[in-house]
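Here is my input; please provide its structure:
(2 chains, ligands or ions: 2)
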Amino acid sequence: MTVGGWQPIAALDDLAPRHVFQASLDGQELAVWRADSGELNAWENRCLHRGVRLSIGFNNGAELLCRYHGWRYATGTAGCTYIPAHPADAPARTITNRTYPIVERYGLVWSGREVDGRPEEVAELGAHTLVLRALPVWAPRSFVLDALVDHRFAPNEGLDVDPAEVEMTCDRRQGSIVLTAAHGGSSSTVVYWVQSLDAHTSVIRPVLAETPDDVIAVLRHHARALRELVDRVERTVPSRSVEPQGPLETPVVVERSAGSGPHIEVRVRRKWWTAPDVAAFELTPLAGVLPTPQPGSHIDLRLPNGLVRQYSLTNGPGESDHYRIGVKLEVDGGGGSTLLHDVVTEGDVLTISGPRNGFPLRRDTEHTVLIAGGIGLTPLLAMAQAIRLDRRGFELHVFVRGEDALAFPDVVESFGADATVHVALSPAQTAGRIADVLVAARASHPGALVYACGPAPMLDVVRATAAAAGWADPAVHFEYFSNHHEIDDSTPFEVALARSGTTLEVPAGTSLLEVLRGAGVALPSSCEKGACGTCAVPVIDGTPDHHDVYLRDAERAANTTMLSCVSRARSDRLVLDL
Amino acid sequence: MSPTVSPGELDERAGVDPVARGLWHPLVAVHDLRRGQQGSAVLLGVRLDYTMAGDGSVSVCRSDDHDDRRPVQIAYEIVWTCLDEPATPLFETPEALETDRRIVHAGTIGVHVSAPRAVENFLDMAHFPYVHTDILGAEPFTEVEEYSVHVDPDTNEVWATDCVFWQPVAATTSTEGQMTDYRYRVPHPYCVVLYKTTPVDPDRFDVIALFCRPIAPDRIEAHMFLALLDADNSDADIRRFQLTIFGQDKPILENQFPKELPLDPRVETPIRADKVAIAYRRWLSDLGITHGVIPAA
Ligand code: FES
Ligand SMILES: [Fe+2]
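Ligands and ions are numbered 1, 2, ... in the order given. Have a look, this model is predicted:
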């Protein structure tokens, strides 16, 4: 049953800080929560992983964490940001929960299907409204709305008046009933909305137009009056069905597409010089929402002159309505940064790719060492903010040429003693300082992990020093700037599409799925990690190199099907039945 | 409108799955029986009466037809029965017969979920840090390392081997955290056996099993059975430990939707750590089980 239109699903006060509220709308259960930023979220109340109610999960102020396996979903987008069972893997962008529209108005929180704009304006409601107590009713919404027309109460200034003496006027609107009680020159107006929980149950949500002097007495009066109405409605409702309502819609097979496609148009909302040679940009989408950023992820930025440059996102958890990047002026960098510094201004529209994460942050450690050289700070800022939210230990070391060369100094300062800025050191001094840091951290936190981003010579120093200090290779992670491409040693191969007669090249580092999609083959996918079988393609000839965990042994041996998201080729060429 | 079935009510439609009807199912724990007393329980929507005679022998029949006697066997401290003629013998677990082991039936718990959901939960390591916090796992040590899965061609059982997980208190015998080795075995659509390293003997495994009685497609009673190499702890301590663990899983399972296990992999989002669950779901599809699952389209 779909009622349509905005309906109140909670009082704003129900959304306590760091709490998750279980709501319901037309039979659909919702997990409703407020981020520390104030952003409101209404999501399907079911974790994409194994269907556990998200309303029993945790709200960390910026993300909702599922109670079963700790998957995290970002405020705003509901995109998955972390899968703890696989700390080294960045979750596929397809893993995004279903969101519902949500806004606040008149002290109530509203949602609906296929709604836009805002809930209806009610002229009677000004700045001093009072949300009255909501009452659930075991009756369908339309039945409750009909019954409310005859509802009676007393004006605020005359609570003791004989109800029969009160003059009631009723105005039935689109989705609400507006009742005014008048007596002896004083009158009070209450707007009643009815939320449909499901086909059989509703909640009456009244809002009083004027906050009275004696709030308690008025609240009590309305609670009692409404209670009587509810009792009468429940006695007269034609058939009280006892059929249990499924708490959720029957699951449908959702083939989630890759999100907002390869290109996203963004507007420069803000541009500022965060250091003399570093311009910072805040980018917001022209339409829709941006795909969820993860710590360590970067975007491709297409410049007006056709150049493509990659920049790491500095966004912390919860910052999902924009992307923030820092661009250092590279005089011999081919002109990309010059253009961004000198030409691009606030209000300009740019084209970017969705975020990719070649530098994912593992969170399965008690302590993380972050080492940044110059503008290499940007991905580490995102990481440090994520670790801080988790209340785990970290130390951020930023090496800069001069006192004022530090980008995003306000963010770095917010880390307090966890951040150290090393200023104007010679290469030899830098190497010495890095050695000190790595030796000390190794001694105090044997299970720590290292993330370093900066110019190649500095990263070579980190690599060599870490090895000498006894750090295991897998504990130390690097991102070289201007080379965000993951180094992939997989071999390229050729794939022929039998039906369309096309031949495609699958380069190292690119999945078959990506190549097929790039060639216009509409292929569904879901987990993109070889676990769900959604992206299977039929193989006619050649030998696939299976990397999935989905196929049965016999299917794998038969080589007639393969999962295009992870599997590659043993033979030089594959022929697919596509 | 279809009639609804409330807990304990009978709905034989729940039992139409011919594959499930041909399996042995746990009915009641032996220690819950008294000589000369009668009891009853629902299996696959069918109410059964059971009696322990004065000589200790147990008989089972349909409540609506006392002449319809069902086959009975005692195994794993539990009375097992079958609604039709058993299509296969009850699976064996040789470790449960080793004489130096502690054999404990740790209890039965009703759970408002399907049996396959409960089995899948038992097969799952990734939830330890979140659900069994500071006992079977602890944040931030959440990684599920690669393990192996196969279906044994001789017995048609699903096995997961080479599983390891870091655990603060793996068992009642633990004194400190350890990397625990696990092997999982699914010998029956609604039963699962775990072999787990024990601090007591590096060469042998503790055996911990979960046997579900499917009452309705979304309702079970779960039996916990243990065969342990633990000479020190009392039965009560072992029970308390197991009940604590299962008591942590129960609210999760009861908040899982749909309650029946969807066999179409696209309905939920499996990851590599769910390898054994992926194999289990495909194995259920191959068996043709329909009770407690939502078959793939
Ligand atoms: S069910 Fe939510 S994380 Fe697994
Ligand atoms: Fe568990």
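
Would you map the helices across the stretch 101-250 of chain B?
B:115-122, B:128-131, B:235-254 (DSSP state H, counting those that start in this stretch).

what would the ones you listed look like in TSV with mean neighbour count and mean pLDDT?
For the C-beta atoms, the positions are set from N, CA and C on the backbone; glycine is no exception. Shown next, in TSV, are the helices of the stretch 101-250 of chain B (neighbours: other Cβ atoms under 10 Å in any protein chain shown; pLDDT from 0 to 100):
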stretch	mean neighbour count	mean pLDDT
helix B:115-122	26	98
helix B:128-131	24	97
helix B:235-254	17	95
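
who wins for proximity to B:Arg183 among these?
Closest to B:Arg183 of these, according to Cβ to Cβ: helix B:115-122, at 12.8 Å.

how far does the closest one sit from the chain's center?
Helix B:115-122 sits 7 Å away from the centroid of its parent chain (Cα atoms, centre = their mean, to the nearest Å).

how long is stretch B:161-174 end to end?
Stretch B:161-174 has its terminal residues 22 Å apart, counting by Cα to Cα, to the nearest Å.

now stretch A:552-569
Terminal residues of stretch A:552-569 are spaced 18 Å apart (Cα to Cα).

Sort out which residues of it are buried, please.
Across stretch A:552-569, burial judged by 16 or more other Cβ atoms under 10 Å in any protein chain shown covers A:Glu555, A:Arg556, A:Asn559, A:Thr561, A:Met562, A:Leu563, A:Ser564, A:Cys565, A:Val566, A:Ser567, A:Arg568, A:Ala569.

again with stretch A:412-424
Going by neighbour count (16+ other Cβ under 10 Å), the buried part of stretch A:412-424 is A:Val412, A:Phe415, A:Ala419, A:Val421, A:His422.

neighbours of A:Leu30, just the number please.
26 (other Cβ atoms under 10 Å in any protein chain shown).

what about the chain, any weak spots by pLDDT?
Here I'm looking at chain A. Residue ranges of chain A with pLDDT under 70: A:1-4, A:239-262, A:332-334, A:481-489.

The chain in question should be chain B.
In chain B, residues with pLDDT under 70: B:1-15.

Spell out which residues of it are next to ligand 1.
Counting by Cβ under 6 Å from any ligand atom, no residue of chain B lies close to ligand 1.

Domains in chain B, by residue range?
Residue ranges for the domains of chain B, per automatic domain parsing: B:7-81, B:94-294.

which strands and helices sit next to the longest helix seen in chain A?
Counting residues, the longest helix found in chain A (DSSP state H) is helix A:215-236. Counting contacts by 3 or more Cβ pairs under 8 Å, 6 or more residues apart in numbering or on different chains; DSSP states H and E, helix A:215-236 is packed against strand A:130-131, strand A:135-137, helix A:141-148, strand A:202-208.

Distance to A:Ala134 added to the helices of the stretch 101-250 of chain B, as TSV?
Listed next are these as TSV, based on distance: least, Cβ to Cβ, whole Å:
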stretch	distance to A:Ala134
helix B:115-122	34
helix B:128-131	33
helix B:235-254	26
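
Find the nearest non-adjacent residue to residue 63, please.
Going with chain A. Residue nearest to A:Glu63 in three dimensions, not counting chain neighbours: A:Arg72, with 4.5 Å by Cβ to Cβ, 6 or more residues apart in numbering or on different chains.

that's the other chain; I wanted chain B
Nearest to B:Ser63 is B:Arg47, by Cβ to Cβ, 6+ apart, at 4.0 Å.

Name the residues that touch the host helix or strand of the one you found?
Following DSSP states H and E, the helix or strand that holds B:Arg47 is strand B:46-52. For strand B:46-52, contacts defined as Cβ atoms under 8 Å, 6 or more residues apart in numbering or on different chains pick out B:10, B:12, B:15, B:27-28, B:33-42, B:58-64, B:66, B:70, B:79, B:81, B:83.

residue contacts, the residue nearest to A:Glu63?
Contacts of A:Arg72 were listed using Cβ under 8 Å, 6+ apart, and they are A:Glu63, A:Leu64, A:Leu65, A:Cys66, A:Cys80, A:Thr81, A:Tyr82.

Take those and write them to JSON lines, including distance to A:Asn41 and neighbour count.
Output for the contacts of A:Arg72, formatted as JSON lines (distance: Cβ to Cβ, whole Å; neighbours: other Cβ atoms under 10 Å in any protein chain shown):
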{"residue": "A:Glu63", "distance to A:Asn41": "10", "neighbour count": "27"}
{"residue": "A:Leu64", "distance to A:Asn41": "7", "neighbour count": "24"}
{"residue": "A:Leu65", "distance to A:Asn41": "13", "neighbour count": "21"}
{"residue": "A:Cys66", "distance to A:Asn41": "14", "neighbour count": "25"}
{"residue": "A:Cys80", "distance to A:Asn41": "14", "neighbour count": "26"}
{"residue": "A:Thr81", "distance to A:Asn41": "14", "neighbour count": "25"}
{"residue": "A:Tyr82", "distance to A:Asn41": "17", "neighbour count": "26"}
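
ok, those residues vs ligand 1, which is closest?
Looking at the contacts of A:Arg72 and their distance to ligand 1, the nearest is A:Cys66, at 3.1 Å (Cβ to the nearest ligand atom).

which residue sits closest to that closest one, ignoring its sequence neighbours?
Excluding the flanking residues, the one nearest A:Cys66 by Cβ to Cβ, 6+ apart is A:Cys47, at 4.3 Å.

what number of residues lie near the one you found?
By other Cβ under 10 Å, 29 other residues sit near A:Cys47.

so A:Arg356 sits right up against A:His298, yeah?
Yes - assessed by Cβ atoms under 8 Å, A:Arg356 is found in contact with A:His298 at 6.4 Å.
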